[in-house]
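Student: Here is a sequence with its predicted model. Questions after.
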Amino acid sequence: MDQQPLLEYLIATGPTVIFRQTADGVVSYVSPNIERILGYSPEEVVGVPGFWAARVHPDERDSFVAEEQTFARGETEVERDYRFLRKDGTYSWLHARTHVEYKDSGAVDAFLGYAIDMTDRRSVEQQNAQLFAFPLALIFVAGLDGHFKRVSAGYQRLLGWTEEELLSRPFFEFVHPDDLGMLGASIQGVAEGPTEVVNQEIRARCKDGTYRWLMGSYRPVLDEGLIYGMAVDITERKRTEEALHAAREEAERANRAKSEFLSRMSHELRTPLNAILGFGQLLEMDGLEPRHRDSVQQILKGGRHLLDLINEILDIARIESGKITLSLEPIVLADALWEAIDLIQPLAAEQGIELKAEDSWPPARHVKADRQRLKQVLLNLLSNAVKYNRPGGRVTIRCPDLIGDGLRVEVTDQGAGIPPEMIDRLFVPFERLGAEATGVEGTGLGLALSKGLMEAMGGSLWVKSVPSHGSTFFIELPLSEAPWTTGEEREDGERVATQSSLSSHTLLYIEDNLANLKLIERALDHRPGLILLTAMQGSLGLDIARQHRPDLILLDLHLPDMPGEQLLRHLHADPKTQGIPVIVISADATPGQVQKLLAAGARGYLTKPIDMSRFFQVVDEALAERGLARG
Ligand code: ADP
């Protein structure tokens with residue numbers, strides 16, 4: 001093939017339109033492929049004056065005119081992108097390169113040029129431009145050389161930098177110093193390894209010196225040497241998280257302060273109560289004349305009420321702060337229920353209320369609960385059902401078999417019921433819903449505490465009530481497997497000592513509070529065979545214990561020269577004293593403290609105010625064991 005037809009073939013099939021135009025703007029030649037590219041045949045173009053000028057897109061008309069002026073200044077080459085109107089009415093992007101030939105006189109002779117169809121490339125660019133212009137889109141292109149190449153308008157607006165500023169410096173300069181290590185490592189990683197998307201939370205530096213948290217997601221395209229990325233502004237979320245974290249810390253701090261306060265309050269209130277109740281009980285035993293005995297009984301009643309109140313408030317506060325210690329174990333629900341019914345029976349009889357336990361109870365099903373706490377709840381519900389019943393009314397107790405995977409107890413009374421709008425207030429501490437005016441005794445703490453306890457044990461408590469017909473209180477607890485039975489229970493009978501076996505025992509009481517010492521002294525008047533030694537300091541107590549080897553040591557925890565717990569350890573470490581049982585007597589009734597001292601080797605733990613019958617029981621048991629061991 002000779003050269004001419006080859007060139008013509010290449011031009012006709014290629015993407016480049018070749019043209020020639022006279023100085024006055026008339027096209028004198030155009031290659032035939034114009035038809036494929038713009039839809040006009042060469043005949044429709046050649047010889048038409050101002051053909052291009054009439055078809056250039058209005059947005060580019062000015063620069064088209066400017067181009068003609070460029071030639072007037074003697075330029076020979078111009079390169080530009082223009083949109084031209086196609087025959088079908090749409091526009092195509094053409095990249096045009098025009099060469100001008102001048103006459104000897106300097107006037108323009110003709111224009112020679114070619115134009116390439118750029119429509120596809122331009123439209124991709126335009127789409128990109130659209131995306132990058134979105135006010136909220138945070139997108140960027142960066143080079144593996146550490147510089148941004150392009151940054152969206154939204155990115156610039158968010159951080160306050162212009163694109164020039166962002167492109168002019170390494171992008172590391174726009175990142176929080178603490179995040180640089182992480183960012184550097186991940187970029188290093190993607191530059192070396194397989195090209196994966198990396199997600200990272202980093203702080204981007206704003207022009208005003210503040211930082212915004214961005215959740216960035218980027219992917220490197222290694223053969224382009226570029227990283228394409230987008231980000232989401234998560235500053236608000238981070239701030240909320242930080243505020244929540246701070247609030248949680250503050251709440252925990254406040255909780256700790258509250259627990260400490262409670263523990264101190266418990267101690268401070270119980271110590272004087274100890275004297276009131278202790279001496280009151282001793283007076284009661286002293287064979288007073290009836291008038292005085294009555295007064296003492298009033299004092300004791302008031303004191304016990306106060307003690308109950310303190311205990312309940314402490315419990316509610318502990319539940320609220322999540323500090324309640326429960327010992328959850330499998331318990332036969334029916335047994336706990338029977339025990340509670342037995343205990344309430346006298347109150348019911350006194351008030352003329354019938355207690356009716358419906359039979360068909362699931363006999364030996366276990367629930368997971370704290371035995372004491374569960375009994376406390378049952379007693380509260382049963383005593384309320386008696387207290388708030390109608391005269392001669394009935395309390396019905398049901399325990400239906402298996403509700404889902406739990407067991408339920410229902411206590412129904414025939415009292416006045418509770419109006420629906422008051423139901424929620426039932427569980428508010430100190431709320432008595434007007435019962436205070438009726439003369440029925442109470443504190444308004446029982447239900448608040450019971451509900452809290454049930455929930456802490458993983459169960460629930462709720463009520464249904466029909467005004468003027470009565471109420472039903474429900475509790476439900478999760479079912480539990482039966483525990484292993486460990487053969488015979490311990491035989492306790494032998495350990496109960498008779499008084500005569502105590503005849504030659506010595507007891508050491510280490511306590512710095514005179515009122516408490518006197519109380520125990522007086523109490524032991526009721527055990528004539530016992531010799532009481534006392535020490536008001538820990539070190540003295542230790543000496544006496546070593547010299548006299550008493551049969552039992554009563555130990556207060558708050559001593560002037562050493563903590564009682566430390567003294568306990570000394571006693572245990574010394575071969576002379578390690579066999580002596582120690583009973584701790586303390587106003588600190590927090591379960592954690594009790595556990596701690598029992599674990600440290602205390603034989604028993606009595607809380608102040610001392611319950612005298614419990615005191616004698618514990619002392620007698622410890623001494624009897626000792627007596628047997630000696631004998
Ligand atoms: P308390 O009995 O010491 O007042 P509770 O917390 O046990 O405290 O009960 C709170 C209040 O709820 C009671 O004062 C009483 O007004 C009401 N209430 C409790 N149980 C019943 C019941 N079975 N029927 C009617 N009202 C009740």
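Tutor: Noted; the coordinates are in hand. These figures come from a predicted structure and were not determined experimentally.

Student: What separation do you get for residue 292 and the ligand?
Tutor: Residue 292 sits 30 Å away from the ligand, going by CB to the nearest ligand atom, to the nearest Å. Quick note: C-beta positions are derived from backbone N, CA and C, even for glycine.

Student: Where does that residue fall, secondary structure wise?
Tutor: Using DSSP states H and E, residue 292 sits within helix 290-320.

Student: Residue 619 sits in which helix or strand?
Tutor: Going by DSSP H and E, residue 619 is in helix 612-630.

Student: pLDDT value on the residue in the stretch 351-500 of the chain positioned nearest to the ligand, please?
Tutor: Closest to the ligand within the stretch 351-500 of the chain is residue 442: 2.5 Å, counting by CB to the nearest ligand atom. The model reports residue 442 with a pLDDT of 83.

Student: Assign a three-state SS to it, would you?
Tutor: With DSSP: H, G, I helix; E, B strand; the rest coil as the basis, residue 442 sits in coil.

Student: which secondary structure element contains the residue positioned nearest the centre of the chain?
Tutor: Closest to where the C-alpha atoms of the chain average out (CA atoms, centre = their mean) is residue 248, at 7.9 Å. Using DSSP H and E, residue 248 sits within helix 235-285.

Student: Run the chain-centre distance for that helix.
Tutor: Helix 235-285 has its C-alpha centroid displaced from the chain centroid by 21 Å (CA atoms, centre = their mean, to the nearest Å).

Student: quick one, it and helix 290-320 angle?
Tutor: For helix 235-285 against helix 290-320, the angle by axes from the mean of the first three to the mean of the last three CA atoms, to 10 degrees is 160 degrees.

Student: Kindly calculate the angle that helix 235-285 makes with helix 612-630.
Tutor: Using the same axes, to 10 degrees: helix 235-285 against helix 612-630 is 80 degrees.

Student: low pLDDT regions in the protein?
Tutor: 1-3, 193-195, 259, 263, 267, 359-363, 483-504, 627-631 (pLDDT under 70).

Student: Get me the contact residues on this protein for the ligand.
Tutor: Within reach of the ligand by CB under 6 Å from any ligand atom, the chain has these residues: 380, 384-385, 388, 413, 415, 418, 426, 432-433, 435, 442-448, 471.

Student: Give me the PyMOL select line for the residues you listed, limited to the buried ones.
Tutor: To isolate the buried subset of those in PyMOL, counting by 16 or more other CB atoms under 10 Å, use the following:
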select buried, resi 380+384+385+388+413+415+418+426+432+443+444+445+446+447+448+471
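
Student: which residue packs closest to residue 388, ignoring adjacent ones?
Tutor: What sits nearest to residue 388 in space, not counting adjacent residues and going by CB to CB, 6 or more residues apart in numbering, is residue 415, at 4.4 Å.

Student: hang on, isn't that neighbour packed against residue 390?
Tutor: Yes: with contact defined as CB atoms under 8 Å, residue 415 reaches residue 390; the gap is 5.7 Å.

Student: Could you pull out the strands in the stretch 401-550 of the chain for me?
Tutor: Here the stretch 401-550 of the chain has its strands, by DSSP state E, counting those that start in this stretch, at 406-412, 460-466, 470-480, 505-510, 530-535.

Student: is it possible to export those strands to a markdown table including distance to residue 282?
Tutor: Formatted as a markdown table, the strands of the stretch 401-550 of the chain follow (distance: least, CB to CB, whole Å):
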| stretch | distance to residue 282 |
| --- | --- |
| strand 406-412 | 39 |
| strand 460-466 | 40 |
| strand 470-480 | 40 |
| strand 505-510 | 15 |
| strand 530-535 | 14 |
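
Student: Determine which of the ones you listed approaches residue 94 most closely.
Tutor: Counting by CB to CB, residue 94 lies closest to strand 460-466 out of these; the figure is 78.2 Å.

Student: rewinding a little: quick check: phi and psi at the residue of the stretch 351-500 of the chain closest to the ligand.
Tutor: phi 170, psi 170 (degrees, to the nearest 10).

Student: That one against residue 386, yeah?
Tutor: No: proximity of residue 442 to residue 386 does not meet the contact threshold set by CB under 8 Å, at 11.8 Å.

Student: thinking again about what came up before, buried sites along the helix holding residue 292?
Tutor: Buried residues in helix 290-320, counted by 16+ other CB under 10 Å: 296, 299-300, 303-304, 306-307, 310-319.

Student: Beyond that helix, next helix or strand please.
Tutor: Beyond helix 290-320 toward the C-terminal end (DSSP H and E), the next one is strand 329-332.

Student: Convert the C-alpha atoms of the helix or strand harbouring residue 82 to PDB, please.
Tutor: Assessed by DSSP H and E, residue 82 sits inside strand 77-85. Backbone C-alpha positions of strand 77-85 (Å, rounded to 0.1, in the frame of the first residue of the first chain) are rendered in PDB as follows:
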ATOM      1  CA  GLU A  77       0.400  26.900  18.500                       C
ATOM      2  CA  VAL A  78      -2.600  26.700  20.800                       C
ATOM      3  CA  GLU A  79      -4.000  23.700  22.700                       C
ATOM      4  CA  ARG A  80      -7.400  23.700  24.400                       C
ATOM      5  CA  ASP A  81     -10.400  21.600  25.400                       C
ATOM      6  CA  TYR A  82     -13.700  22.600  24.000                       C
ATOM      7  CA  ARG A  83     -17.200  21.200  23.900                       C
ATOM      8  CA  PHE A  84     -18.800  21.300  20.400                       C
ATOM      9  CA  LEU A  85     -22.400  20.800  19.500                       C
END
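
Student: what's in contact with it?
Tutor: 38, 52, 55-57, 59-60, 63-64, 67, 70-71, 91-100, 118, 122 (CB atoms under 8 Å, 6 or more residues apart in numbering).

Student: Just the buried residues of those residues.
Tutor: For these, buried by 16+ other CB under 10 Å: 38, 52, 55-56, 60, 64, 67, 70-71, 91-96, 98, 100, 118, 122.

Student: Take the residues you listed and keep only those in strands.
Tutor: Applying DSSP state E to the buried ones among the contacts of strand 77-85, the entries found in strands are 91, 92, 93, 94, 95, 96, 98, 100.

Student: any chance of those in a markdown table, plus distance to residue 44?
Tutor: Below are these laid out as a markdown table (distance: CB to CB, whole Å):
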| residue | distance to residue 44 |
| --- | --- |
| 91 | 17 |
| 92 | 16 |
| 93 | 21 |
| 94 | 17 |
| 95 | 22 |
| 96 | 19 |
| 98 | 21 |
| 100 | 25 |
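
Student: Would you point out the most distant pair within these?
Tutor: Spatial extent of these (CB to CB) is set by the pair 91 and 100 at 25.3 Å.

Student: who's in contact with stretch 308-321?
Tutor: 255, 258-259, 262, 266, 269-270, 273, 324, 429, 443, 445-446, 448-449, 452-453, 455-456, 589.

Student: Just the buried ones from the residues you listed, in ChimeraX syntax?
Tutor: Burial among the contacts of stretch 308-321 is assessed by 16+ other CB under 10 Å; the matching ChimeraX selection reads:
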select :259,262,266,269,270,273,324,429,443,445,446,448,449,452,453,456,589
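
Student: Could you confirm residue 207 falls within a strand?
Tutor: No: assigned with three-state DSSP, residue 207 falls outside any strand and is coil.

Student: for it, what are its contacts?
Tutor: Residues in contact with residue 207 (CB under 8 Å, 6+ apart) are 159, 160, 161, 165.

Student: so the third one sits in a strand?
Tutor: Which is residue 161. No: counting by three-state DSSP, residue 161 falls outside a strand, being coil.

Student: show me what contacts it?
Tutor: Residue 161 sits in contact with 174, 206, 207, where contact means CB under 8 Å, 6+ apart.

Student: Then residue 596?
Tutor: By CB under 8 Å, 6+ apart, the contact list for residue 596 reads residue 565.

Student: what's the spacing between it and the ligand?
Tutor: Following CB to the nearest ligand atom, the distance that separates residue 596 from the ligand is 32 Å.
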